[in-house]
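In: With the input below, show me the fold.
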Amino acid sequence: MIAFLIKRLFHALLVMFVISVIAFAIQDNLGDPIQQMVGQSVPESEREALREELGLNDPFAVQYLRFAANAVQFDFGYSYVFNEPTTDVILRHLPATLELVAAATFLIIALSIPIGVYSAIKPRAWLSRFFMGVSIIGISIPVFLTAIVLIQLFAIGVSWSPFPADTGWGAWLNDLISTEGGMPAYGRGEPVPVFGTWETNFASLEGLTYLVLPAISLASIMLPLFIRLIRAEMLEVLQSDYVKFARAKGISPRRIYFLHALKNTMLPVITVGGVQIGTLVAYTILTETVFQWPGMGLMFLDAIERSDIPLIVTYLMIVGLIFVITNTLVDLIYGLVNPTVKLTGKPA
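Out: This is a model prediction of the structure:
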């Protein structure tokens, strides 16, 4: 275990190094931060003095080494726009993003496992076919379109009257396919303070209502993938010899499905799921933009528009760190679920 952690720490440092180099390599193409800071009316001499003060005229290697020396101390510099440490800006927006990802992850797990298992147990049932058809549609629809549709249906509302409204059955059907709207779809509302700059939407009913539509929109990216993955793995496991032997011994189907088969089904799902859940952090950019959710994704787009290079680099570093931590946790969980797997790579 210690050897595995040391190896992953080395990999993490290598990934962070590559991310930081790439981020610095593209900084010259992100615009002129001085123009965003001082505007058009400031003389060129003052701009040049400010550029020299910020070290923007130094060679790339000098700028990077200065950044790396500070980054080791978790100091990524000051934001040009907010005029405060970039880590403070990130920490102020990080809770909103993590809550959105956590809510979407909960929906993915809560829905994909029972739907995937049911579709594998009864692959020819009409409900299974319905789930598979909807999952294909879900994979094909981009997240921003899902978000817009959700806003139209549940925030703004739609009123359809294809049936005669002067009849009882027609009025009932019209009400059935119409929505009143009213769901919040802008911002976080008033989250409850926890400690420091950390505020949560989980602590109040109003906060949860603000979280519903963004979480469903974000979950729609991975939910169809997980449903189809669990179904495919479950179908393969149900055809294995040990499942057939368990049936021959007279073990109850429920015990076979949810104890023996499901456990082995989840092994590849954990591997793929860990990587995909980490990807949700990147997908929050689109979701947060549509719903104006004040998380890191919305902050990142604002930093790009304003050429806030230190904040952009800090965001990329933090997201890379989240990916590294997620993948390490997935490997650890995989070893706990399947004890025959040795994390050090040695045979069991």
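In: contacts, neighbours, all on C-alpha from now
Out: Noted.
In: For this structure, which helix extends over the most residues?
Out: Secondary structure of the chain read by DSSP state H shows that its longest helix is helix 86-121.
In: Which helix or strand lies directly C-terminal to that helix?
Out: The helix or strand immediately downstream of helix 86-121 is helix 126-140, counting by DSSP states H and E.
In: now the angle between helix 86-121 and that following helix, please.
Out: Interaxial angle of helix 126-140 relative to helix 86-121 (axes from the mean of the first three to the mean of the last three Cα atoms, to 10 degrees): 150 degrees.
In: For helix 126-140, the averaged confidence score.
Out: The average pLDDT within helix 126-140 is 89.
In: Now for I90: which residues touch it?
Out: With contacts defined as Cα atoms under 8 Å, 6 or more residues apart in numbering, I90 is in contact with M296, T314, Y315.
In: Could you rerun that using 10 Å?
Out: G295, M296, M299, F300, L311, T314, Y315, I318 (Cα atoms under 10 Å, 6 or more residues apart in numbering).
In: Could you say which helix or strand holds the most centrally placed residue in the chain?
Out: Nearest to the centroid of the C-alpha atoms of the chain, with distances taken as Cα atoms, centre = their mean, sits L280, at 1.8 Å. In this structure, L280 is located in helix 262-291 according to DSSP H and E.
In: what's the angle from that helix to helix 86-121?
Out: Per the same axes, to 10 degrees, the angle that helix 262-291 makes with helix 86-121 is 130 degrees.
In: Please list all residues in contact with R129.
Out: By Cα under 10 Å, 6+ apart, R129 lies in contact with S119, K122, P123, S135.
In: could you redo the last one with a cut-off of 8 Å?
Out: For R129, the contact set (Cα under 8 Å, 6+ apart) comprises S119, P123.
In: Then the one 10 residues further on?
Out: Shown here is I139, whose contacts under the criterion Cα under 8 Å, 6+ apart are S220, I221, M222, P224, L225.
In: What about the residues you listed, which one has the most neighbours?
Out: P224 (24 neighbours; other Cα atoms under 10 Å).
In: how near is it to I115?
Out: From P224 over to I115 the distance is 10 Å, taken as Cα to Cα, to the nearest Å.
In: do P85 as well
Out: Separation of P85 from I115 (Cα to Cα): 45 Å.
In: So if I had to pick from the two, which one is more boxed in?
Out: Set P85 next to I115 and count neighbours by other Cα under 10 Å: I115 wins out with 20 against 16.
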